[in-house]
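[1] curious how this folds, go ahead:
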Amino acid sequence: MSTSAPSRTRSWRSLTVRLMLAQTSVLLSGLVIVMITAVLVGPDMFHEELIDAGHYDEADGLDHLEDAFRSVSLMALAIGGLTALCIAGLLSFYLYRIIGRSLASFSTAAEEVAAGNYDVRVTSAALGPEFDALAGSFNGMAAKLSAVDTTRRQMLADLAHEMRTPLASLKGHLEGVEDGVVALDEHTTGILNAQITRLERLA
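    Model prediction:
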């Protein structure tokens, strides 16, 4: 239960959901403004048009026509607005899913790089020059990190190779001294000091 709750929280806070909510809010705000404008302005304009057409003597008929106009207008706006909202919502959902997948691929690739896999690359989702630039920058960063890691590994390998000879010499002479085969004289100590100096240069 402790894992499902954070998962639901992340899903509601995800960029895709927030973008869809923002888009829906804009569409609903526009729809409300259009409906209010139609209610406040439409009947008066319709009334003036009827008077200009010569129907100013039919008071009861005008009221009925204006009420019908108001009702039909609101219904048409509501149907059209809801239809537009549904279509825009579907299109937005499709677009935001593409964006979400692209961002998810970037996140996965970043985790791979953080884990030491510098060969991972991301592909552009064809969402515009901004995403293309982001993909290019990420791939360039991964390539540079790969080159740095390769250089580091090569340097460590070279260092290990350079250290192997003096260490082998030190070990051989010390074993010889312990076994009594090599005398611990000035010549031997000179060799040991020379190998130690060589190791110090590599440090």
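[2] please count neighbours and contacts with C-alpha atoms only from this point.
    Noted.
[3] quick check: residue 82 vs residue 195, distance?
    Using CA to CA, to the nearest Å, residue 82 is found at 85 Å from residue 195.
[4] I'd like to know which elements the helix or strand hosting residue 134 is packed against.
    Using DSSP states H and E, the element containing residue 134 is helix 129-179. Other elements packing on helix 129-179 under the criterion 3 or more CA pairs under 8 Å, 6 or more residues apart in numbering; DSSP states H and E are helix 186-202.
[5] 10 Å - rerun?
    helix 59-114, helix 186-202 (3 or more CA pairs under 10 Å, 6 or more residues apart in numbering; DSSP states H and E).
[6] quick one: contacts for residue 115?
    By CA atoms under 10 Å, 6 or more residues apart in numbering, residue 115 lies in contact with residue 109.
[7] give me the phi and psi for it.
    phi -80, psi 0 (degrees, to the nearest 10).
[8] please apply the same query to the one 10 residues further on.
    Backbone dihedrals for residue 125, given as degrees, to the nearest 10, come out at phi -90, psi 10.
[9] how close does residue 163 get to residue 170?
    Going from residue 163 to residue 170 by CA to CA gives 11 Å.
[10] intersection of neighbour lists for the two?
    Common neighbours of residue 163 and residue 170 (CA under 10 Å, 6+ apart) are residue 195.
[11] residue 156: neighbour count?
    Neighbour count for residue 156, taken as other CA atoms under 10 Å: 12.
[12] against residue 117, how distant is it?
    Remark: distance between residue 156 and residue 117 (CA to CA) = 19 Å.
[13] could you do residue 199 as well?
    33 Å.
[14] do residue 29 as well
    From residue 29 across to residue 117, the span is 47 Å (CA to CA).
[15] repeat for residue 96
    In terms of CA to CA, residue 96 sits 28 Å off from residue 117.
[16] which residues does residue 41 contact?
    Residues counted as contacts of residue 41 (CA under 10 Å, 6+ apart) are residue 35.
[17] do you know the pLDDT at it?
    Predicted confidence (pLDDT) at residue 41: the value is 71.
[18] any idea which helix or strand carries it?
    helix 15-52.
[19] could you chop this structure up by domain?
    12-115, 118-202 (the TED database).
[20] mean pLDDT lowest for which of the ones you listed?
    domain 12-115 (a mean of 74).
[21] quick check, residue 166 in contact with residue 159.
    No - look at residue 166 against residue 159 with CA atoms under 10 Å: they stay out of range, at 11.7 Å.
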